[in-house]
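1. everything below, folded, please.
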Amino acid sequence: MIGGIQNIGRIPELRSRILFTFAMLAVYRVGCAVVTPGINTNVVRDFFEQMSSTVFGMFALFSGGALEQMSIFSLGIMPYISASIIFQLLTVVIPQLEQLKKEGEQGQKKINQWTRYATIVLAAFQSMLIATALEGGQFGQGAVMNPGWGFRLMTMVTLTTGTAFIMWLGEQVTERGIGNGISLVIFSSIVVAIPSGVIQMMDLIRTDQFTPLQVIFFLLFVVALVGGVVFVERAQRRIPIQHAKRVVGKRVTQGGMSYFPLRVNTAGVIPPIFASSLLMIPTTLRQFTDSPELQQLIDTHMNPGGLTYNLVYMGLIIFFCFFYTAIVINPVDVSENIKRFGGYIPGIRPGANTAEHIDKVLSRLTFIGAVYVAVICIVPVILAGRLNIPFYFGGTALLIAVGVSLDTIGQIEAHLVSREYDGFVKGGRIRGRLGK
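-> Numbering: from 1, shown residues only. Model prediction:
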């Protein structure tokens with residue numbers, strides 16, 4: 001790995017891309033420290049400290065501390081993610097969008113443009129809700145210095161502009177930097193919370209609230225969990241596809257064997273994000289309602305970390321894993337594409353039988369992936385409840401951090417290998433000239 005890091009400096013384009021990425025992420029981190037005008041940050045920070053063990057802790061983690069002090073980047077990139085997911089779902093429902101998606105790059109550009117517009121609308125709506133909640137005292141009494149429509153409009157414009165800037169910044173990183181810009185923005189928000197978590201852990205050790213044995217157990221658990229996530233995220237089920245010999249004009253194309261890879265976790269981190277968003281509705285309703293009966297009902301059955309909450313959380317994750325995978329991969333379309341290019345799965349008839357076989361394999365993989373995601377997301381919550389960890393440690397953040405890290409390292413590896421340099425991985429790496 002050390003040799004791979006040294007090789008990065010020998011490629012000017014790769015070096016400039018990495019430096020540009022770090023510069024853009026530094027700009028994002030600076031913006032997270034700029035407070036929205038008219039906010040008493042002490043009151044808001046006290047509220048999120050009390051809510052650190054709930055789903056509010058997860059969204060505060062994704063914002064990289066921006067939400068805790070209500071900075072101009074408080075909404076983060078979540079409106080863009082929500083808009084992207086909505087349009088992915090709409091492509092299944094609306095035939096015009098599905099046709100646009102099949103048109104290739106031009107159609108995708110149009111969908112991306114509409115996604116940006118939807119992001120602005122969602123950000124404006126969410127920022128107005130936040131401004132209203134701040135005035136109403138849901139984030140603590142005295143959070144707003146000068147309440148009124150002037151404050152609401154200013155907050156809405158400020159937070160919406162902040163989200164639009166983050167969206168633009170992420171696209172710039174994708175085009176001119178290394179890795180996926182939007183994913184790296186979320187990754188930086190997660191990683192920046194690690195030092196404060198280490199400091200809090202050390203404080204607990206000094207005050208004898210945490211024993212060294214508990215710390216060792218916790219660190220071993222984290223290492224094992226990260227290793228398991230890396231293993232499963234890179235796992236694939238490769239379906240063999242045999243290509244027949246084809247005659248194109250006067251040229252004869254030789255047949256051969258290729259593979260259609262299916263990831264174990266096809267849905268990625270979308271299911272836990274969806275599930276957390278739905279489970280946040282009762283908690284939000286609890287903040288706004290004055291009914292003691294409803295508050296008691298939510299506190300009893302939907303308390304984060306409780307048995308009912310965990311079971312519902314796992315059930316929603318498994319459901320959304322199947323739901324989102326069905327949207328992303330259509331076995332009928334895959335079967336038609338294989339048949340169109342003169343391929344077939346050995347032992348399986350082309351057409352409906354191929355689609356049925358792919359659907360059967362995909363269903364089994366999705367079940368394994370769904371159970372894996374549910375366990376990864378729920379075990380840290382249970383462990384945090386047992387050990388009374390004062391900071392948020394969730395599987396969703398772990399899945400994002402590991403996934404983004406693997407993707408970014410893979411892109412750097414591709415740059416190195418394409419220019420005949422050694423990559424990070426010594427065993428099994430690709431050597432030789434480009435095109436061999």
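
2. how is this protein carved up into domains?
-> 1-193+398-436, 235-391 (automatic domain parsing).

3. which helix runs longest in the protein?
-> The helix of greatest length in the chain, counted in residues with DSSP state H as the criterion, is given as helix 352-387.

4. for that one, which positions count as buried?
-> Applying a neighbour-count criterion of 16 or more other CB atoms under 10 Å, the buried positions in helix 352-387 are 354-355, 357-359, 361-362, 365-366, 369-370, 372-374, 376-378, 380-381, 383-384, 387. The way it works is simple: take the backbone N, C-alpha and C, and place the C-beta from them, glycine included.

5. export the domains of the chain to TSV and tack on distance to residue 203 and mean pLDDT?
-> Below are these laid out as TSV (distance: least, CB to CB, whole Å; pLDDT from 0 to 100):
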stretch	distance to residue 203	mean pLDDT
domain 1-193+398-436	14	79
domain 235-391	9	80
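
6. nearest to residue 212, out of those domains?
-> Comparison of the domains of the chain against residue 212 by CB to CB identifies domain 235-391 as nearest, at 13.2 Å.

7. let me see the contact set for residue 152.
-> 128, 131-132, 135 (CB atoms under 8 Å, 6 or more residues apart in numbering).

8. helices along the stretch 1-150 of the chain, start to end?
-> The residue ranges that make up the helices of the stretch 1-150 of the chain, judged by DSSP state H, counting those that start in this stretch, are 2-8, 12-31, 41-50, 55-62, 78-93, 95-102, 105-136, 149-176.

9. quick one: closest of these to residue 397.
-> Closest approach to residue 397 among the helices of the stretch 1-150 of the chain is made by helix 55-62 (5.8 Å; CB to CB).

10. can you put the helices of the stretch 1-150 of the chain in TSV and add distance to residue 291?
-> Output for the helices of the stretch 1-150 of the chain, formatted as TSV (distance: least, CB to CB, whole Å):
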stretch	distance to residue 291
helix 2-8	58
helix 12-31	39
helix 41-50	21
helix 55-62	21
helix 78-93	29
helix 95-102	41
helix 105-136	16
helix 149-176	26
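
11. for these, which one sits closest to residue 307?
-> When the helices of the stretch 1-150 of the chain are compared (using CB to CB), the closest one is helix 55-62, at 16.4 Å.

12. angle of the helix or strand in which residue 185 is found against helix 149-176?
-> Secondary-structure assignment from DSSP states H and E places residue 185 in helix 181-191. Computed by axes from the mean of the first three to the mean of the last three CA atoms, to 10 degrees, the angle separating helix 181-191 from helix 149-176 equals 110 degrees.

13. which residues does helix 181-191 contact?
-> Here helix 181-191 makes contact (CB under 8 Å, 6+ apart) with 21, 24-25, 28-29, 32, 61-66, 76-77, 80-81, 166-167, 169-175, 177, 397, 400-401, 403-405, 407-408.

14. still on that earlier bit, out of the contacts of residue 152, grab the one that's most surrounded.
-> With neighbours set by other CB atoms under 10 Å, the maximum within these is found at residue 131, which has 25 neighbours.

15. contacting residues for that residue?
-> Taking CB under 8 Å, 6+ apart as the definition of contact, the neighbours of residue 131 are 151-152, 155-156.

16. top of those by neighbour count?
-> Of all these, the most densely surrounded is residue 155 (25 neighbours; neighbours counted as other CB under 10 Å).

17. please name the nearest non-neighbouring residue to that residue.
-> On the basis of CB to CB, 6 or more residues apart in numbering, the spatially nearest residue to residue 155 that is not a chain neighbour turns out to be residue 131, at 4.0 Å.

18. neighbouring contacts of stretch 101-118?
-> Surrounding stretch 101-118, the residues in contact under the criterion CB under 8 Å, 6+ apart are 80, 83-84, 86-87, 91, 97, 99-100, 167.

19. which helix or strand contains residue 312?
-> Secondary-structure assignment from DSSP H and E places residue 312 in helix 307-328.

20. following that helix, which helix or strand shows up next?
-> For helix 307-328, the following helix or strand on the C-terminal side (DSSP H and E) is helix 331-340.

21. show me what that following helix is packed against.
-> helix 352-387 (3 or more CB pairs under 8 Å, 6 or more residues apart in numbering; DSSP states H and E).

22. show me how far the helix it packs on is from its chain's centre.
-> When distances are taken as CA atoms, centre = their mean, to the nearest Å, helix 352-387 is centred 16 Å away from the chain's centroid.

23. what angle do the next helix-or-strand element following that helix and helix 181-191 make?
-> Elements were assigned by DSSP H and E; along the chain past helix 352-387, the next helix or strand is helix 395-418. Going by the same axes, to 10 degrees, helix 395-418 is angled at 130 degrees with respect to helix 181-191.

24. give the buried residues for helix 395-418.
-> For helix 395-418, burial by neighbour count (16+ other CB under 10 Å) applies to 395-405, 408-409, 411-413, 415-417.

25. which strands and helices sit next to that helix?
-> Of the remaining helices and strands, those touching helix 395-418 by 3+ CB pairs under 8 Å, 6+ apart are helix 2-8, helix 12-31, helix 55-62, helix 181-191, helix 212-233, helix 270-288, helix 352-387.

26. same list, those, but as CSV with distance to residue 144 please.
-> Below are the helices and strands packed on helix 395-418 laid out as CSV (distance: least, CB to CB, whole Å):
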stretch, distance to residue 144
helix 2-8, 48
helix 12-31, 21
helix 55-62, 19
helix 181-191, 25
helix 212-233, 39
helix 270-288, 16
helix 352-387, 32
